[in-house]
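Student: The following comprises the amino acid sequence and a computationally predicted model.
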Amino acid sequence: MDQKIVTCLMFSGQAEEAIRFYTSVFSPAEIEQIVPQENGIMFHATFRLKGQRLMAIDNHIDHHEFTPAMSLCVTCDTEEEIDRVFERLSQSGKVLVPLGSYPFSKKFAWVEDQYGVSWQLSLG
């Protein structure tokens, strides 16, 4: 059964670059569809990260910032995976909560990536 609610990320001209980055960070991952506008700028895309379907769009009219008030929570299967994902997402980004052990998780981190998207990572 397909998801009934799908998270949609709106970028200001970087959507295709961002989803290509995300699909290189997570596994399994795939780009399902990219629908370009006539001028070659991405209009709409669907992609999957670890089985979760997401959408991305580009908005060239208004600029909207992402905020950590809404984040994507990812459960990593191994320590190698959480270390690798944390490293990739925090490059050119910002660490909001350092990777470490916390009362609620053996290993957890919260990062804002280079595109401004907020990610909570935990070891499953």
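Tutor: Cool, the structure landed. The model shown is predicted, which means the values in this text are computed figures rather than measured ones.
Student: in stretch 44-56, what counts as buried?
Tutor: By neighbour count with 16 or more other Cβ atoms under 10 Å, stretch 44-56 contains the buried residues 45-49, 54-56. No exception for glycine: its C-beta is placed from N, CA and C like everyone else's.
Student: and that stretch, how far from the chain's centre?
Tutor: 9 Å (Cα atoms, centre = their mean, to the nearest Å).
Student: and it, how far apart are its ends?
Tutor: For stretch 44-56, the first and last residues are 6 Å from each other (Cα to Cα, to the nearest Å).
Student: if we take the buried residues of stretch 44-56, which one ends up nearest to T78?
Tutor: Closest approach between the buried residues of stretch 44-56 and T78, by Cβ to Cβ: L49, at 16.3 Å.
Student: quick one, phi/psi of the closest one?
Tutor: Note on L49: backbone dihedrals following degrees, to the nearest 10 are phi -130, psi 120.
Student: Nearest the geometric middle of this structure, what residue?
Tutor: Centroid-nearest residue in the chain: Y22, 5.7 Å away (criterion: Cα atoms, centre = their mean).
Student: Contact partners for that one?
Tutor: Listed by Cβ atoms under 8 Å, 6 or more residues apart in numbering, the contact set of Y22 reads 29, 47, 49.
Student: Now the first one. Nearest residue, chain neighbours left out?
Tutor: Sequence neighbours aside, T23 is the residue nearest to A29 in space, at 4.0 Å (criterion: Cβ to Cβ, 6 or more residues apart in numbering).
Student: Pull out the buried residues from the one helix or strand L72 maps to.
Tutor: Per DSSP states H and E: L72 is located in strand 71-76. For strand 71-76, a neighbour-count test (16+ other Cβ under 10 Å) marks 71-72, 74, 76 as buried.
Student: Output the residues you listed as TSV; include the columns pLDDT and distance to S90.
Tutor: As requested, these are exported to TSV (pLDDT from 0 to 100; distance: Cβ to Cβ, whole Å):
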residue	pLDDT	distance to S90
S71	97	14
L72	97	14
V74	98	13
C76	97	14
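Student: With respect to Q3, which of those residues is nearest?
Tutor: Using Cβ to Cβ, those come closest to Q3 at L72, 13.7 Å.
Student: any idea how far D62 is from that closest one?
Tutor: Distance of L72 to D62, computed by Cβ to Cβ, to the nearest Å: 22 Å.
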